[in-house]
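> Sharing a sequence plus its predicted fold:
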Amino acid sequence: MRQAGLWAARRKGRPHRRRRPRRASFGELVQMDTSSHDWLEGRGPACVLITMIDDATGRKLARFFQTDSTATNMALIKAWAQRHGRPRALYTDWASHFRQVAVAGWKQGPTQIERALKELDIELICAHSPQAKGRVERSHQTDQDRLIKEMRLLGIATIEAANRFLEEIYLPRLEQKFAIEPASAVDAHRPVKGYDLDAILSVQEARRYVADRQQKVHALQMEVSRLTQAALHYQEQKERLSEQLSDLAQEEEGERERELAADEKIAEVREGLSRIQVLVTGARGRLEETERAVRAEREKHSDLDRAVREAQFSLRECEGKLQDNEEQLVMAQRQLERIEAERGQCAGEVGAMPPDEMEGALQQALELRDVREKALAACRDALEEATASLRMLEEQRLRIEQGLEPLRERIGELKLKEQAAALNAEQLATQLLEAGADEAALLPELGSARPTALQNEINRLQGAILELGAVNLAALQELEAAGERKGFLDAQAADLTEALETLESAIRRIDRETRELLKSTFDAVNGHFGQLFPELFGGGRAELVMTGEEILDAGVQVIAQPPGKKNASIQLLSGGEKALTAIALVFAMFQLNPAPFCLLDEVDSPLDDSNTDRFCAMVKKMSPQTQFLFISHNKIAMEMAEQLVGVTMQEAGVSRVVEVDMEEALKMRDAA
């Protein structure tokens, strides 16, 4: 472009742009930036200087930290807010701590610093170039000159000592010398009362770590998710079929157990029936004995009846004799009365008779008297004998009646036993007939049978028969159907097991191939990265290191060592060094699988001229295989382009595309 006369070299010393005027009030705008430099010159650990400077007054707050991170930037913002209050706006660069870098197809959310500033009502303004942050950039240049020399003279070798020197000596002296009064006396800072700075300005590293880990494993998870889901589906189906098979096996085992139990119970019932037959035989024997006893009792009853009848006959005979004796007694009394009457009559007659006749009559009367007295004595003796006999017969009758009452009760009991034995005999005969028992075979066991034990056994067997319930006549058909279903499910389970083994084998193969592919890809990218890094930096070395034993879960750490610097983490590099390292890593991945097109959007903005030349050389080297489309404000990069398309704004708010044809421009120059 310079040779063609399209670009003219600018004069040295000409300012790139006019300085932006200062804000009017203290706290209206605060600039913030990080300077990565060898501040302790090897006397202590590597560190960075993070600076905040007020745009209106030049008042400054700075601190040394080991790394440039979200936590350290938040710590300095918190210190400024505690000292001065909440500023109106914060002016920073486009570092990842403050703004997410947009990636096509991904929706980016706010960073932690953005969320904290929004909650504190502080506007975040990001500069599009280092020159826009002129005050803080010039402050870094001053510090890299003066501060390093003063710390060297004092022998400061730790971050803590350096921060004490900043707070107590360097910053107060610098503010006293260079700070100016603002145009407006109004302090634009707002109080922090009511805000929990510790909670708002906290760093949630765990959330970031989890998000990074999730992004790393997302791609590999997507590759095996479908097969994993299918495997899970088949596994669930296999488990369901296994459960069904287990249920069927349990049902079959239950059917077998029930059949065995039924057979055992049938055998027990048959055995019980045999024992019942034995019991029936014993009962028949007892019935015969009872019948014999009843016959004996009947004979006794007949004897008693005869004895009762004889006693009743004797009683009636005694009663007849007694009645006869009573009649004889009455007759004797009547005869005695007649005799007394006759005696009186005779006495009267004797008084009237002469003595001779009286003596003859007396003698006759005495003789008659003797006869009558003898007859009376005989009657009295007969009466006494009849009375004694009557008394004896009465006593015998009472004794017989007393002996008849127990006999009557015994006869009633025997009649009841006879009826019960007859009824029991009928029932046992019916049971024997229903059971079809062989009475002749049961007779030998009749003697050893116990009625109580046999009745308990009968009750137990009857309960067992009731528990069996109705006989399932369709059990054999159900067992056959269950066997067929079990065979079908076994075949399905075998198919599913085979499919599951196939899927597991495929997953293992995919996992193995993924590991091999990831390892080979990582080694290839690491090799290209190690080659491209020295080309872009003009020396040095860089490599990629996995931060874990498991390759699928391991993270990747970038180790970069520019020429003339110690081996350190990429976080300790400057903005331009980080950009060149990222370009080397992207081009290393690009060489692994080159695409026909590559779009670069202002990747050279943080690079100086020498680094831009090396970047352009790298792009030219890769141009034969890939067509590059890049957006740039750098003239050196524009010189490399074969075709230029510019965007200009001739009117406010109206953009216009201007195309520049390099061949036509050269022809016009040659024609002129």
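Right, received. Where do you want to start?
> average pLDDT across stretch 562-570?
Across stretch 562-570, the average pLDDT comes to 74.
> Near Gly412, how many other residues are there?
Residues lying near Gly412 (other C-beta atoms under 10 Å) number 10. In this view, the C-beta of every residue, glycine as well, is placed from N, C-alpha and C.
> For my notes, confirm it occurs in a strand.
No: counting by DSSP: H, G, I helix; E, B strand; the rest coil, Gly412 is not part of a strand but helix.
> and it, what does it touch?
Under the criterion of C-beta atoms under 8 Å, 6 or more residues apart in numbering, Gly412 has no contact partners.
> gap between it and Leu76?
Distance of Gly412 to Leu76, computed by C-beta to C-beta, to the nearest Å: 124 Å.
> Lys667 now?
Taking C-beta to C-beta as the measure, Lys667 falls 57 Å from Leu76.
> Specify which residue of the two has the higher count of neighbours.
Leu76 (19 against 11).
> Would you check that my belief about the more buried one contacting Met52 is correct?
Yes: between Leu76 and Met52 there is a contact under C-beta atoms under 8 Å: 6.0 Å.
> which neighbours do the two share?
Residues touching both Leu76 and Met52 by C-beta under 8 Å, 6+ apart: 32, 61.
> what's the next secondary structure element after the helix or strand containing Glu480?
If you go by DSSP states H and E, Glu480 is part of helix 475-537. Tracing the chain past helix 475-537, the next element assigned as helix or strand by DSSP H and E is strand 541-546.
> How about that next one, which residues are buried there?
Across strand 541-546, burial judged by 16 or more other C-beta atoms under 10 Å covers 542, 544, 546.
> Stretch 553-563 too?
For stretch 553-563, the buried set under the neighbour-count rule, 16+ other C-beta under 10 Å, comprises 558, 560-562.
> In a markdown table: those, plus distance to Gly134.
Converted to a markdown table, the buried residues of stretch 553-563 look like this (distance: C-beta to C-beta, whole Å):
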| residue | distance to Gly134 |
| --- | --- |
| Val558 | 31 |
| Ala560 | 29 |
| Gln561 | 31 |
| Pro562 | 26 |
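> returning to that earlier point: which elements pack onto the helix holding Glu480?
helix 205-352, strand 541-546, helix 575-592, helix 609-622 (3 or more C-beta pairs under 8 Å, 6 or more residues apart in numbering; DSSP states H and E).
> Now do that helix against strand 541-546, angle only.
Here the directions of helix 475-537 and strand 541-546 differ by 170 degrees (axes from the mean of the first three to the mean of the last three C-alpha atoms, to 10 degrees).
> Gln229 versus the spatially most central residue of the chain, what's the distance?
Nearest residue to the geometric centre of the chain (C-alpha atoms, centre = their mean): Glu236, 17.6 Å. Using C-beta to C-beta, one gets 10 Å for the distance from Glu236 to Gln229.
> again with Met662
Counting by C-beta to C-beta - Met662 and Gln229 are separated by 55 Å.
> more crowded one of those two?
Set side by side, Met662 and Gln229 show more neighbours around Met662, with 14 against 10, by other C-beta under 10 Å.
> ok, that one touching Gln643?
Yes: applying C-beta under 8 Å, one finds Met662 in contact with Gln643, separated by 6.3 Å.
> any idea how the chain splits into domains?
As recorded under automatic domain parsing, the domains making up the chain are 30-203, 256-467.
> okay, the ones you listed, which one's buried deepest?
Highest mean neighbour count among those (mean count of other C-beta atoms under 10 Å): domain 30-203, with a mean of 16.
> Using CSV, list the CA coordinates for stretch 412-419.
Written as CSV, here are the backbone C-alpha positions of stretch 412-419 (Å, rounded to 0.1, in the frame of the first residue of the first chain):
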residue,chain,number,x,y,z
GLY,A,412,-84.7,-92.4,83.2
GLU,A,413,-81.0,-91.9,82.8
LEU,A,414,-80.5,-95.2,81.1
LYS,A,415,-83.4,-94.4,78.7
LEU,A,416,-81.6,-91.1,77.7
LYS,A,417,-78.3,-92.8,77.3
GLU,A,418,-80.0,-95.4,75.2
GLN,A,419,-81.5,-92.7,72.9
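> What's the mean pLDDT across it?
Across stretch 412-419, pLDDT averages out at 78.
> try stretch 487-494
83.
> And for stretch 627-639?
Stretch 627-639 carries an average pLDDT of 85.
> Straight-line length of it, end to end?
16 Å (C-alpha to C-alpha, to the nearest Å).
> what comes into contact with that stretch?
Counting by C-beta under 8 Å, 6+ apart, stretch 627-639 makes contact with 1-2, 7, 596-605, 607, 609, 612-613, 615-616, 619, 622, 641, 644, all of which sit outside it.
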